[in-house]
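Participant: Let me see the structure of the following:
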Amino acid sequence: MTAQDLNFSNFFETTADGNIGASDTSITLSAAPTSGDGSAIAGPFYLVIDPDTAAKREIVLVNSISGVTCDVTGTRDIGNRHDPDISHADGVTIRMAVVGEMFQDVNDRVSTIINSDGTAVNTTLFLDEDTMTSDSATKGATQQSIKAYVDNNTISADSTATLTNKTIDANGTGNSISNIEVSDLAADAVVLESEGISSNDNDTSIPTSAAVKDYVDNNATSAAYSIVDTFASNADIASPSDITNIVDEPEGYGGNMSVSSGVFTFPETGYWLVEGFWHWTMPENAGLDCIIQTTTNNSSYSTVANGQMGTGSSVEGSKTVYVNYIFDVTDTSTHKVKFRSAGTFNTYSRNRANGTKEETWFRFSKVADT
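Facilitator: Reported below is the predicted structural model:
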C-alpha cells in the first residue's frame, strides 16, 4: 500500500467580524458555523484563529454560540502557545481545523518510519550490528543482526565455546557439569603427585588422588596407636626398689619395646602413652608410691608421674593404683623409661607380681608422631 497524506477538508471556515482583543471573552464571526446539511453547530467546539500563520495561530474553545457571537470566556489559547495573550485583526481567517491539524501531525510521524513510496521502513531507525556493540536503547535491531548475535553467544549442548568472566551455577535446577578431566583445568588449580601437597599449602588448588596418597604414605607411616606393647612384673617387691624383673606379654601390635634390667627402650620416636598398674597387699599404717621415671640423656632419671596410696590404723587390704604419662621421645638412644615401687613398706607390704596374671603391669602405646 502506498503511503500518502490524508487530505481532510476543513469542516468550517469563516473570518472574524471585527478585531479580537487579547482579553476578549467573545468573538464575532462573519458567518455562523453550520454542519454539512446547513444546520447550526452548537457549542462546545474548537476554532483555530489565523491557522495559517504559525506565530499568530490560536486555538479557542467555544463554550456556546448565539448567532455569530461565540462565548470563549476562560477558554482562549488552548494549549498555552502564547504568553502574553495575543490579539487578532478584523477579517482574520477562522477555521474549524483542529482534527485536520492532528492528522497532519500523524502523517508527519508516519513519514519518519516509512519511505514516501510506502515500500520500506526507514533504515535510520534500525541498527545492523552482529555484535550489538552500540547497545542502543533508541534503535531497533534487524532480524539478521539478532540471529547473528544469538548464534554467536549461545552455547548448545554439543557446541564448544570459550567463556570469559562468566559464572556457571552447577547447582541450578537442571544444571550439571560432566566429563571434566585434570587436563581441562588450569595448571595452578590442580596439585599433581610430582608437585607434592606439602609445597602447595593453599585453599585455591585441588590435589589429585595420587598426590593425596603420596602425602599420606610419606607423612602418616606412624599413625596414632600404631604400636601397643604390654609387659608385666614377674616378682613381688617387699621394699623400695626399681621394678627389674619384667616379662613381655603377648598383648600388643605394630612393634616391640625392649627392656633390660627394668629400663625400657622405644622402637621409634613419637609421643608415647606410658601406663603403669600396681597391685598391692598392704597392712595398716603403710604408704606406698607407684612411680614412672624418664631420662632424656640415658643417664639421669627424674620422676614424671607418682601415684600414692596408704592405709591407716587397723586398715589393711588389697589395693590397686593406675599411673600414666605422655612421653615425647625424640631420640630412642637417649629417651628411656623405668618403673619404681617406693614408700613406707611395713611388714607384709607387697607389690604383687605374676607374669601370667598381670597383677602389676605396664603398657606402651604410640599415640602420635613427634
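
Participant: So which residue is smack in the middle of this structure?
Facilitator: Asp169 (10.8 Å; Cα atoms, centre = their mean).

Participant: So that residue is in contact with Ser176, correct?
Facilitator: No - between Asp169 and Ser176 there is no contact under Cβ atoms under 8 Å: 10.7 Å. Where C-beta positions appear, they are placed from N, C-alpha and C, glycine not excepted.

Participant: one step back: what are the phi and psi angles of the residue nearest to the centre of the chain?
Facilitator: phi -90, psi 90 (degrees, to the nearest 10).

Participant: again, but for Val263
Facilitator: Per degrees, to the nearest 10, the backbone of Val263 is at phi -100, psi 120.

Participant: Can you tell me how far the nearest residue to Thr360 once chain neighbours are set aside is from Phe277?
Facilitator: The shortest distance from Thr360 to any non-neighbouring residue, by Cβ to Cβ, 6 or more residues apart in numbering, is to Ser233 (4.1 Å). Distance of Ser233 to Phe277, given as Cβ to Cβ, to the nearest Å: 10 Å.

Participant: Which one's more surrounded, those two?
Facilitator: Neighbours were counted for Ser233 and for Phe277 using other Cβ atoms under 10 Å; Ser233 has more, 28 against 19.

Participant: which residues does the more buried one contact?
Facilitator: Neighbour list for Ser233: Ile243, Asn245, Ile246, Asn351, Ala353, Gly355, Glu359, Thr360, Trp361, Phe362 [criterion: Cβ atoms under 8 Å, 6 or more residues apart in numbering].

Participant: one more time with 7 Å, if that's ok
Facilitator: By Cβ atoms under 7 Å, 6 or more residues apart in numbering, Ser233 lies in contact with Ile243, Asn245, Ile246, Ala353, Thr360.

Participant: And Tyr348, by the same measure?
Facilitator: Tyr348 makes contact with Thr281, Pro283 under the criterion Cβ under 7 Å, 6+ apart.

Participant: Now it. Its backbone dihedrals?
Facilitator: Here is the backbone geometry of Tyr348 (degrees, to the nearest 10): phi 80, psi 0.

Participant: Tell me, what's the model's pLDDT at it?
Facilitator: On the pLDDT scale, Tyr348 is placed at 77.

Participant: Check the spacing between it and Gly307 real quick.
Facilitator: Between Tyr348 and Gly307 the distance, using Cβ to Cβ, works out to 21 Å.

Participant: Could you pull out the helices in the stretch 101-250 of the chain for me?
Facilitator: All helices of the stretch 101-250 of the chain, identified by DSSP state H, counting those that start in this stretch, fall at 143-153, 209-219.

Participant: Quick check: mean pLDDT of the last one?
Facilitator: It stands for helix 209-219. In this model, helix 209-219 carries a mean pLDDT of 79.

Participant: Also the first one?
Facilitator: Confidence over helix 143-153 (mean pLDDT, whole number) is 85.

Participant: How about that helix, which residues are buried there?
Facilitator: Ser145, Ala148 (16 or more other Cβ atoms under 10 Å).

Participant: do stretch 62-71 as well
Facilitator: Those buried within stretch 62-71 under the rule 16+ other Cβ under 10 Å are Val62, Asn63, Ile65, Cys70, Asp71.

Participant: Contacts only, for the last one.
Facilitator: Asp71 makes contact with Ser26, Val62, Asn63, Ser64, according to Cβ under 7 Å, 6+ apart.

Participant: Using a markdown table, please lay out those together with secondary structure and distance to Thr311.
Facilitator: A markdown table is the format used below for those (DSSP: H, G, I helix; E, B strand; the rest coil; distance: Cβ to Cβ, whole Å):
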| residue | secondary structure | distance to Thr311 |
| --- | --- | --- |
| Ser26 | strand | 135 |
| Val62 | strand | 131 |
| Asn63 | coil | 128 |
| Ser64 | strand | 131 |
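
Participant: Which stretches in the stretch 101-250 of the chain count as strands?
Facilitator: With DSSP state E, counting those that start in this stretch as the criterion, the stretch 101-250 of the chain has strands at 126-127, 140-141, 190-191, 206-207, 227-233, 241-242, 246-253.

Participant: can you list contacts of the fourth one?
Facilitator: When contacts are defined by Cβ under 7 Å, 6+ apart, strand 206-207 is touched by residues Ala189, Val190, Val191, Ile197.

Participant: Buried among those? Make that a PyMOL selection.
Facilitator: Of the contacts of strand 206-207, the buried ones go into a single PyMOL selection, burial set by 16+ other Cβ under 10 Å:
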select buried, resi 190+191+197
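
Participant: Lys366: which element?
Facilitator: Assigned by DSSP states H and E, Lys366 belongs to strand 361-368.

Participant: Could you spell out the sheet neighbours of that strand, each with its direction?
Facilitator: If you go by DSSP bridges, strand 361-368 pairs up with strand 227-233 (antiparallel), strand 270-282 (antiparallel).

Participant: mean confidence score for that strand?
Facilitator: Mean pLDDT, strand 361-368: 92.
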